[in-house]
Each structure stands twice: as C-alpha cells, then as structure tokens.
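Chemist: Could you work out the structure for the sequence below:
(chains A and B)
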Amino acid sequence: MHDMSAPAVHHHAPPTSFIRKHVFSLDHKVIGKQYYDMALVAAIIGMILSWIMRIHLAWTNAAIPGLQLLSKTGAPGGVLTPEYYLQLMTMHGTIMVFFVLTTAPFAAFGNFFLPIQVGAEDMPFPHFNMMSFWVTFTGFIVLLASFFVSDGPTLGGWTQYAPLNAVGAIAGPGQGMGVILWMASIALFCVGQLLGSLNFIPTTLDLRTKGMSLMRLPLTTWAWFITSCMGLTAFAVLMPACILAILDHVAGTSFFVPSNLVISDQLQQHSGGSTLLWQHLFWFFGHPEVYIAIIPGIGIVSHILITNMRRPLLSHRVIIYSMGALAVLSYMVYGHHMFVSGMNPYSALAFSFPTLIITIPATIIVLIQIFSLYGSKLRINSASLFALGFISMFVSGGVSGFFLAQPSIDIMLHATYFVVGHFHMVMAVAAMFGIFAGTYFWAPKMFGRMMNETLGKIHFWLSFVGAYCIFMPFHYLGIVGNVRRYSVFVDDYLQPLLPVHKFITVAALLTGAAQAIFLYNLIHTRFWGKPASDNPWEGTSLEWSTTTPPPFDNWGGKLPVVYHDPYQYGVESSVGDYVMQASPEQVKTENDEQ
Amino acid sequence: MSQADLTMEGHTTGLTLGPAFSIPTKKFAMWLFIIADTMTFAGCLVAYGFLRHGTADWPRPFHSITNVALMTFVLLTSSLTMLCGLRSAKAQDKAGAFRWILITAVLGIVFALLHIREWLGLIGEGMTLFKNPWGTPLFGASFFSITGLHLTHVTCGIIALLAVGVRYNGGRYNADDIEVLGLYWHFVDLVWMFVVPLVYLLNLTH
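Modeler: Down below sits the predicted model:
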C-alpha cells in the first residue's frame, strides 16, 4: 500500500453555475453525456428519415401526413418527389454515420470512461474537450439547417460524389446551399473529432495511474485509443476535401468539375478538375471511418462479454494487435469503394488484396470472442445479449464483404441493395448494438441508476430479429439486381420485388417502433430508475472502483493504484470470483503478468 | 494550469506513470497535431499532384526563383531565431528569449508580406482562383489554395508567437511553452520545404 493516501491535485475546480456545470462543462463525464444525448437525438432523426424512405419505397403514392410541412416542394401533399427522397436519404446517411456511429461509441462512451479506466481525473486539455463537443454540435446544427434553406438538403448521398457536389444548384435541389452546408458541417465535425483525438491519445499514454501498464488497460481503452489514432489522421484529410468543394461553389474553382461537363443541357463554365480526386480524398477518410465506427464496438463488446462470462478472453494481446491491424490496414483498402469508378483496373487488384487481408484480423477477433464464449456460463442480461447480437451482425454482415472485396463480383453487385445490406449490418446495426450494449452496461455508472432488464431483453429480441428481417432481404434484392438510390421501382424486373420491399418496410416500422421501448427505458432510468451500487456487474476495471456516479474528480481526491491485469475473473478473493484492478489483495491468478 | 504540469511532476510524486515518451503532455499533443496537419497538407499536395499529372495543359509560368528563394531564406532564418529564443529561454535569459521570439515574429511578417506581394503580382498578371492566362484554371486554384493554406499557418504562427511571447514575458508561460510553439513554427517551415519544389520549382519555365 503506497500512495493510496497521496492527495490528488485536480486542475480545475468543480463548477458551480448551471452553465459551467451542464452546458459549457470542462468535465469529461458531462461532455461524454452531451455527446451521448446528441447522438440519441441524431439517431431518432435518422431513424424517422429511414421510415419515411421505406414507406415511400413500398407504397409509392402513399401520403405521409405532415411531411408537406417539412418541404412543400419536396413532398407536395405528403408524397415524396424522387429528388426529396434522395435528399432525405442523404441526411439519413450523413446523420447516422457521422453524428451517431462516430460520436456515440467513440466520443460519448470514450469521453466518459477512458479517463476513468486509466485512472485519471480528467483529460489533459479540458478546454479542447469542451470545444470538441461544441464544434461537433455546431456541425450538427449546420447540417440540420439545410432542411430549412430554400431547396432543402443536398441529394448527393453521404459520399457526396463529384461532380454533383461541385457544380451548384443546376445539379438538382439542394446542390447549391445544401451542399455548402453539408461540407461546412462535415468540416466542423472533422475539427471536433481532431480536438477529441488530441485529448484521447495523451490521456491513454500520459495520464495512466500508477501500476496501469499498457497491457493492463482494458480492451475498451485500447479500442478508443486505436480509434483516436485513426481519427487524428483520417478526418484531417476529409476536412481539406470539404473546403476544396466549398471553394468550387463559392470561389469559382474547379477541383472536382471535369472539362466539357454538360448538366441539364448546359456546358459548365468551370473545367479541368477531376471527379476521381474527390473519391480518392473521400474514401481515404471513408474507409478508416467505418473502422472508427466499429472498433469501439469491438472493445465495448469484449469488455461486456468478459465481465459476464466471468473469465478473460482467450487472448488479451491478440485482440489488441488485431484491432491495431484493422486500423493500419484500413488505410490501404479504401480503393475497394472505387472498383467501378474508372480508376486503373490494376489498382483495383492492388486494393482487393489488402481488403481480403483485413478480414483476417477481423476474423481473429470474432473467433477469439466466440471460442471464449464456448463453455462459459454467460450471465444473460441486456448488455450481454446485445454483445452477442453485435457478434452475430458483425459476422453476418462481414461475410458479404468477402464477395464485395473481389472486383469481378463487385462490378455486378456495386450500387445494389447488396452493398446497402452489407454495410448496414456490418457497420450500422453492429455498431448500434455496441452502443446499446454499452448503454445497458454503463448506465448505472453514467446515470447512477439501473436500466430495466425486462424491457431491455424485449428491446433486444425485437431489435435483433427485426434487424435481420430488414437487412437480410437486402442481399437478395441486390443479387437480383435491385439498384440502390431509386425512389420508385417502375422497371419491369423490379416490379416482382415489391412484396419484398413491403416486408422490409413493415419490419423496419416495427423494429423502429421497438426502439421506443429503449427510449422509454433510458429516460425512465435516468430520472426514476433503481439506484445503482458502485459495482453492479461485479466488474474489475477502474470504472467500478469509484463511486456511482463518480465524483467530479473521479476519485474523491485519491488516485487509485493498479495491481492487476484488467480481467481477473474466476479467482478466489474476498469479494467473490474476481479481483479488481485497484485491489491490493494478492490472489492466485492464472494470467496476471506482473 | 493544466494536468500537463501535474504529470510532469508525476514521475517524482508517483501519482501517475508519467508521460509515455518522457516529454510533457503539451509537447506530445503538439506532435499529434503536427501528425494531423501533415495529413491535411499531404492530402492537398497529393491532390495537387493528382490534378497536375492528369492535366495536359498544365502551365509553367514562373520565370524566376528570386522571390521564392528570398521567402525561403526568411522563413529558414526565422526557424533559426526560434531556436535561439528557445536556447535563451532554457538558459533563463527571459529578455533575450522574448527578443528572439519578436525577431521570429517579425521574420514571419516579412515572409507573409513577401508572399502577399507575390500574390498581388500574380493577380496583376491575370491569375485568379478560376482563370489564368497560361493554361488550366486548376493552376491558380491549386496554387492559391496550397500557398493560402500555408500562409494561414504562418499567420496563425505569428499571432501565436506574439501571444505566447507576451505571456512568457509576463511570467505566465515558461520555456516548455516556447518549445511547443517552436515545434509548430518549425513544422510550418518544413511544410514550406515541400511546397517550394512541388508548387514553385516544378512550374518554372524552361
């Protein structure tokens, strides 16, 4: 026992005013919750948009009550125009990818738990951290503002391909001011995530408490650390790309406008640029981005499974190395999004190979998780169920990646529902399940109250079955040749597929409605839930060593000292079958390294 | 004032493991920022190379390297004076360090003025973001974007030099802060050493 009594020095005093406490807070825990709540609002908006799209796809002429209020020209009488369908689709994709899948698992949970799990009092640069949230939030508002400008949001899809992103209003509704707002929003988002990464990396490396060696960091910490390393480099490339696109709009440049481009029978004045350039810049960011969305989920799910299996994974290190390999390889594969873009076919080959290689670390992670589950007495609760759901979705969605990784097959499947199904399962739903798992698992620590388990399990089964009902048929549709981004299916060969679309829409509406259970559970828990103890799941990592909810400086003036590896379960100690990282108790452990 | 200060002492008090690379957290964060900024510049320069390579009528309008050589000389000298400032700061020579920082800032301003003069000259010859008398409009667009991004960095650097210098002189900042700022300044200098060959020398008339 040493240093346990040493007073910790907190570098900023607890705030007293409401604004400093809850709005412009420097406290990483408050910032984490702000990110969480923003992601929650974004997810609800994104989901409602997907409902509108699905209803329109299945019942093309059905009027959606109230929709005309959002846009008189886009939805006259509540029926979507094809352009407005694309505009809503773009907003759905952008909101979900950037403001839900990137912020919730990484920025929200990471902000709240990374400093606690390494045994720090806060991030090293709290002002940057506060700016990180508020810049991201401003980006979100700027994006939403595009709903209310003259001709609505951009219709270019979340990838914003050139040249439509650069020629202005002539390219369609929303392609003028809508694109400018989109680009500005994403550039702001990039700055916000950069500021976040500037905090996450030094927190992990520099602010670890005594005894917390790198290999003693929990897998969640590793996941957030690796993700922030990617965020540091990936967003820094997207930001100038967005600014160049804005210049194309406002300054008359032509970075993304090729020569002799005719749009709506008009020869474009600006010329000389390259449409491929945008794709290169975008996907150089875009592919790491999908790992930015999924790696925190891998960490969260591993953490939750270990706690509920009451034993560590087969290998702690290999999971870490595999996540690192995913991060590195993700920069080498981005060209697989561009197989049919007209780039040199040899480059397609060069990008296909690492794309197949990257499945190896992903497979290793999943196999370790599954083999660790084998024979374990898993405690079934909402968190562990969603963790299992994550693995299921990640595998099911990942398998179709093998097909898409091969240029010859991708030529047929490109821009069909197969691709849509693939990334929705492997990235969107899987990451979403990671968020849900994290919420059920950490709500006691974040909000001081227990989520309702019965509602949680109902929520899981409805979401799990529902997600498969929605996204599995996407694959079949894609193989048949159903192209994405069509707002109506009038072609002969698409007509027989309408019943499938109707089934998907019904499933989507029901699955979406099931999320109301989660929302009710979350809100009810935050205000009226059963108060949580300090360590309700009998976990070992440092977040369970502090009180619930954690004090302002996380540790009440005494920094913890770490004595054990992160996951010492299945041992005999004075508290049960586990020994906490911060417990000085000496127990016989199988794999404590020091 | 920040946890960085706390962790610098972390080694001795045993409160934390201490910084990973035996450097203060602020300095580490500056290195991280430099990595991110490198990606930003790399993205722009690669985009420039991509466009240049793919354009048949890429112009080569620059006749002389006098101005750019002068600018490079000024900026390189400012890195040297920055180093002198840091040496003085480490030697507790506060007045000397402050003087060197001011000289660095003045050299930065001279660089910016030379750069703006060059811009105005090119604009006078008819070169803008979207057209120029020599060839593809992309030339002006990429020239002004890349040098503009660099000039923005220089401008931020000058402001930071003055702000940090004044606070250092007032006793609020110490030699470590000078060093962190110096990292940024040298980085801006280093980027220029990529901009000069790629944007200027490659586009010399021959």
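Chemist: list the contacts for A:Leu49?
Modeler: Taking C-beta atoms under 8 Å, 6 or more residues apart in numbering or on different chains as the criterion, A:Leu49 is in contact with A:Leu88, A:Met89, A:Met91, A:His92, A:Ile95. Placement of C-beta: from N, CA and C, glycine included.
Chemist: Return the per-residue confidence for it.
Modeler: On pLDDT, A:Leu49 comes in at 97.
Chemist: now B:His11
Modeler: Looking at B:His11, its pLDDT is 35.
Chemist: just A:Pro15 next, same as before
Modeler: pLDDT, A:Pro15: 81.
Chemist: thought it was touching A:Ser25?
Modeler: Yes - between A:Pro15 and A:Ser25 there is a contact under C-beta atoms under 8 Å: 6.8 Å.
Chemist: higher neighbour count, those two?
Modeler: Shown here are A:Pro15 and A:Ser25; by other C-beta atoms under 10 Å in any protein chain shown, A:Ser25 has more neighbours (19 against 16).
Chemist: Residues of the stretch 251-400 of chain A that sit close to chain B?
Modeler: Residues of the stretch 251-400 of chain A lying near chain B by C-beta under 8 Å from any C-beta of the partner chain: A:251-255, A:270-274, A:276-277, A:280-281, A:284.
Chemist: how about the residues you listed, which pair is most distant?
Modeler: Maximum pairwise distance in these, criterion C-beta to C-beta, is 25.8 Å, between A:Gly252 and A:Phe284.
Chemist: between the two, who's got more neighbours?
Modeler: A:Phe284 (22 against 16).
Chemist: quick one: contacts for the more buried one?
Modeler: By C-beta under 8 Å, 6+ apart, the contact set of A:Phe284 is A:Ala234, A:Val237, A:Tyr331, A:Tyr334, B:Gly43.
Chemist: now swap in A:Ala245 and tell me
Modeler: A:Ala245 neighbours (C-beta under 8 Å, 6+ apart): A:Gln160, A:Ala162, A:Asn165, A:Ala166, A:Val179, A:Met183, A:Phe255, A:Phe256, A:Trp278.
Chemist: I'd like the next helix or strand past the strand or helix carrying the fifth one.
Modeler: Secondary-structure element containing A:Val179, defined by DSSP states H and E: helix A:177-206. Note on helix A:177-206: by DSSP H and E, the next helix or strand toward the C-terminus is helix A:219-250.
Chemist: Can you find the helix or strand in chain B with the smallest mean pLDDT?
Modeler: Across the helices and strands of chain B, mean pLDDT, DSSP states H and E gives its lowest value to helix B:10-13, namely a mean of 35.
Chemist: Can you name the residue of the stretch 351-500 of chain A nearest chain B?
Modeler: Chain B sits closest to A:Phe351 of the stretch 351-500 of chain A, with a gap of 16.2 Å, by C-beta to the nearest C-beta.
Chemist: The stretch 401-550 of chain A now?
Modeler: Nearest to chain B, among the residues of the stretch 401-550 of chain A, is A:Leu542, at 13.1 Å (C-beta to the nearest C-beta).
Chemist: Which residues does stretch A:486-499 contact?
Modeler: Here stretch A:486-499 makes contact (C-beta under 8 Å, 6+ apart) with A:56-58, A:60, A:80, A:82, A:85-86, A:477, A:480-482, A:501.
Chemist: Switch those residues over to TSV; also include secondary structure and pLDDT.
Modeler: Conversion of the contacts of stretch A:486-499 to TSV gives the following (DSSP: H, G, I helix; E, B strand; the rest coil; pLDDT from 0 to 100):
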residue	secondary structure	pLDDT
A:His56	helix	96
A:Leu57	helix	95
A:Ala58	helix	94
A:Thr60	coil	91
A:Leu80	coil	94
A:Pro82	helix	94
A:Tyr85	helix	96
A:Leu86	helix	96
A:Leu477	helix	95
A:Val480	helix	93
A:Gly481	coil	92
A:Asn482	coil	94
A:His501	helix	96
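Chemist: Return the member of those nearest to B:Gly135.
Modeler: Of all the contacts of stretch A:486-499, B:Gly135 sits closest to A:Leu86, with 36.4 Å by C-beta to C-beta.
Chemist: can you give me the end-to-end distance of stretch A:150-167?
Modeler: Start-to-end span of stretch A:150-167 (C-alpha to C-alpha, to the nearest Å) is 17 Å.
Chemist: next one: stretch A:399-416
Modeler: 17 Å.
Chemist: any idea how far whatever residue of the stretch 301-450 of chain A ends up closest to chain B is from A:Phe18?
Modeler: Proximity of the stretch 301-450 of chain A to chain B (C-beta to the nearest C-beta) peaks at A:Tyr331, 10.4 Å away. As for A:Tyr331, its distance to A:Phe18 is 44 Å (criterion: C-beta to C-beta, to the nearest Å).
Chemist: wait, what's in contact with A:Thr363?
Modeler: Listed by C-beta under 8 Å, 6+ apart, the contact set of A:Thr363 reads A:Gly398.
Chemist: Now it: which helix or strand?
Modeler: helix A:345-373.
Chemist: in that helix, what counts as buried?
Modeler: Of all the residues in helix A:345-373, those buried under the rule 16 or more other C-beta atoms under 10 Å in any protein chain shown are A:348, A:351-352, A:354-355, A:358-359, A:361-362, A:364-366, A:368-369, A:372-373.
Chemist: Stretch A:495-513 now?
Modeler: By 16+ other C-beta under 10 Å, the buried positions in stretch A:495-513 come out as A:Leu497, A:Val500, A:His501, A:Ile504, A:Thr505, A:Ala507, A:Ala508, A:Leu509, A:Thr511, A:Gly512.
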